[in-house]
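# sequence and predicted structure below; questions after.
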Amino acid sequence: MSSIKMPKFKERKVAQVTRLFIRCNDGQSFSARKLLKLIYLVDRKALELWGFPVTYDTPKNLPYEGLMPAHTYDLIDPPKKKRNALSMFRPGLSYWYDYFSKSNMGHYTIPTELNPGTADLSRAEIELVENIFDQFGYKTDKQLDDYCSTLPESHHSETPHGDIDWKVLLQAVGWAGEDLAEIKKDLEFQAKFEGLITAIS
């Protein structure tokens with residue numbers, strides 16, 4: 001369990017970030033592996049710049065996949081139980097599945113008539129996604145794997161499942177001391193506020 005209680009995973013933002021990446025890539029989709037690495041790098045850079053991620057996805061360091069955002073990984077490649085439930089695709093099942101489907105070649109495409117837009121993303125977040133694409137979007141899967149393997153957190157996980165503590169990740173991007181304590185306080189306040197909103201809605 002993370003030493004920081006984090007706000008909930010933002011599935012809508014993940015879908016919108018993915019659409020932005022595909023737009024930056026001239027409308028072409030990515031391999032699942034590459035997309036996951038790019039989303040991980042967006043959240044990592046956001047932590048470095050602002051002290052909070054864009055998607056709030058749980059960071060993991062998996063034996064064969066390396067650094068990955070866990071919830072997005074499960075959206076792209078659902079666990080067996082969830083995969084069975086998705087075998088009969090139904091619009092509205094989740095925000096992600098309203099916009100993305102898996103091709104036979106393991107790539108993800110967007111139905112041309114549907115677009116999640118960017119309403120949940122700030123201007124700064126949109127620019128961050130574009131900057132990450134400019135820096136990493138043209139790298140191969142292997143080049144991204146090699147780059148991510150050099151990051152400090154790639155040598156650290158808390159459990160056999162590969163969980164990376166958020167505090168470890170924040171320290172890896174440069175936060176420490178009073179600044180780290182303040183970020184922890186802000187994140188936990190946001191998580192508590194979300195819990196209260198959920199309870200009364």
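Cool, the structure landed. Residues are numbered from 1 along each chain as shown.

# give me the contacts around stretch 56-69.
If you take Cβ atoms under 8 Å, 6 or more residues apart in numbering as the criterion, stretch 56-69 is touched by 6-10, 14, 33, 36-37, 39-40, 43-44, 55, 70-73, 145, 148-149, 151, 153-154, 156-157, 161-164, 166, 169. Where C-beta positions appear, they are placed from N, C-alpha and C, glycine not excepted.

# mind giving me the ChimeraX select for those, buried ones only?
Buried subset of the contacts of stretch 56-69, written as a ChimeraX selection, criterion 16 or more other Cβ atoms under 10 Å:
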select :6,7,9,10,14,33,36,37,39,40,43,44,55,70,71,72,73,145,148,151,153,154,157,162,163,164,166,169
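
# now do the contacts for D145.
R33, K37, G66.

# can you redo those residues as a markdown table with pLDDT, secondary structure and distance to K185?
Listed next are the contacts of D145 as a markdown table, based on pLDDT from 0 to 100; DSSP: H, G, I helix; E, B strand; the rest coil; distance: Cβ to Cβ, whole Å:
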| residue | pLDDT | secondary structure | distance to K185 |
| --- | --- | --- | --- |
| R33 | 90 | helix | 35 |
| K37 | 96 | helix | 30 |
| G66 | 92 | strand | 31 |
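
# quick one: which of those residues is nearest C24?
K37 (14.7 Å; Cβ to Cβ).

# and the pLDDT at the nearest residue to the closest one once chain neighbours are set aside?
Leaving aside its sequence neighbours, K37 sits nearest to L144 (Cβ to Cβ, 6 or more residues apart in numbering; 4.3 Å). The model reports L144 with a pLDDT of 96.

# now do Q28
pLDDT, Q28: 86.

# also the one 3 residues further on?
On the pLDDT scale, S31 is placed at 85.

# now the helix or strand where the residue nearest to K37 lies: buried residues?
Per DSSP states H and E, L144 falls inside helix 141-148. Neighbour counts over helix 141-148 (16+ other Cβ under 10 Å) mark L144, D145, Y147, C148 as buried.
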